[in-house]
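Participant: fold the following for me, if possible:
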Amino acid sequence: MPVPAHSRTRWGARRRSLGQNFLRPERARELVTGLDVRAGELVVEIGAGAGALTAELSRRGAEVIAVELDPRWAAALRARFRGAATQIRVVERDFLAFELPRRPFRAVGSLPFGATTQILRRLFDDPASPLMRADLVVQSAVARKRAEIPPQTLLSTAWAPWWEFALGPRLPAQAFQPIPRVDAALLSVRRRTPALLPPALARDYAAFLRARWPLPRGPGV
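Facilitator: Numbers count the residues shown, from 1 in each chain. From the prediction side, this is the model:
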């Protein structure tokens, strides 16, 4: 049955407002294959959408908390995985309001481009959280900026004592459905062991940087 034009328009507007461009299943499979996901690991998936990453994470034995803001996709995820994968829990919530697990976990997700910085701050501002690793699909330009060595932005410098950022494979726009206007890339983040500063100093260190930014750079600095 054809979908009325007004329904398609509403759906398209909602999709754009939430930044819903989903990885194609074959691309999700390739991505997860390279993440060394192990059976029993706790994985928080950010913006689970249609469940392409969810299915691949579960197939490798991970315990998945699939966080999805859109109630239509959250309902679809529950229906898709009901009874088939008891290690998948769907949480219908904005990730920015989601309470992070209290035991070690890793984060995986194809992030809505418009909310990338907010989500990164939710993950990395507090190094006392039990987050161990994050593998996030973001705009290619954002991935390159965050992976710069030495860090060139205030936020990246504030995170550097506790987190190591690395640029992963590029994902062309055609890897998504619908196709976005820009390419993406994988941004991989690992917890430093040992950290360069105690986690308790994170807030004071960030305040120190804000008061003196931009820091002098160049030979001998």
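
Participant: contacts and neighbour counts: CA atoms only from here.
Facilitator: Fine.

Participant: which residues of this protein score low on pLDDT?
Facilitator: 1-19, 84-85, 217-221 (pLDDT under 70).

Participant: hmm, try it at 50
Facilitator: Low-confidence segments of the chain, defined by pLDDT under 50: 1-3, 6-18, 219-221.

Participant: in it, mark out all the strands, start to finish.
Facilitator: For the chain, the strands defined by DSSP state E cover 22-23, 42-46, 63-68, 88-92, 105-110, 131-139, 163-171, 176-177, 184-191.

Participant: among those strands, which is nearest Lys145?
Facilitator: strand 163-171 (9.2 Å; CA to CA).

Participant: one step back: so can I have CSV of the strands of the chain showing mean neighbour count and distance to Val32?
Facilitator: What follows is the strands of the chain, written out as CSV (neighbours: other CA atoms under 10 Å; distance: least, CA to CA, whole Å):
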stretch, mean neighbour count, distance to Val32
strand 22-23, 25, 12
strand 42-46, 25, 12
strand 63-68, 24, 13
strand 88-92, 20, 16
strand 105-110, 22, 9
strand 131-139, 23, 9
strand 163-171, 19, 12
strand 176-177, 16, 15
strand 184-191, 22, 11
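
Participant: who touches Asp125 in this structure?
Facilitator: Each residue near Asp125 by CA atoms under 8 Å, 6 or more residues apart in numbering is listed here: Trp159, Ala202.

Participant: distance check, it against Gln177.
Facilitator: For Asp125, the distance to Gln177 equals 31 Å [CA to CA, to the nearest Å].

Participant: same check on Ala160?
Facilitator: When Ala160 is compared with Gln177 (using CA to CA), they lie 33 Å apart.

Participant: same question for Leu77.
Facilitator: Counting by CA to CA - Leu77 and Gln177 are separated by 17 Å.

Participant: do you have the helices of this protein handy? List them.
Facilitator: With helices called from DSSP state H, the chain shows them at 5-18, 25-33, 52-59, 71-81, 116-124, 140-146, 154-159, 202-212.

Participant: hmm, who's touching stretch 197-212?
Facilitator: Asp125, Asp126, Pro127, Ala128, Leu154, Ala158, Pro161, Trp162, Leu215.

Participant: pull the most distant pair out of the residues you listed.
Facilitator: Ala128 and Leu215 (25.4 Å).

Participant: touching, Leu96 and Gln118? I think so.
Facilitator: Yes - Leu96 is in contact with Gln118 according to CA atoms under 8 Å; the separation is 7.5 Å.
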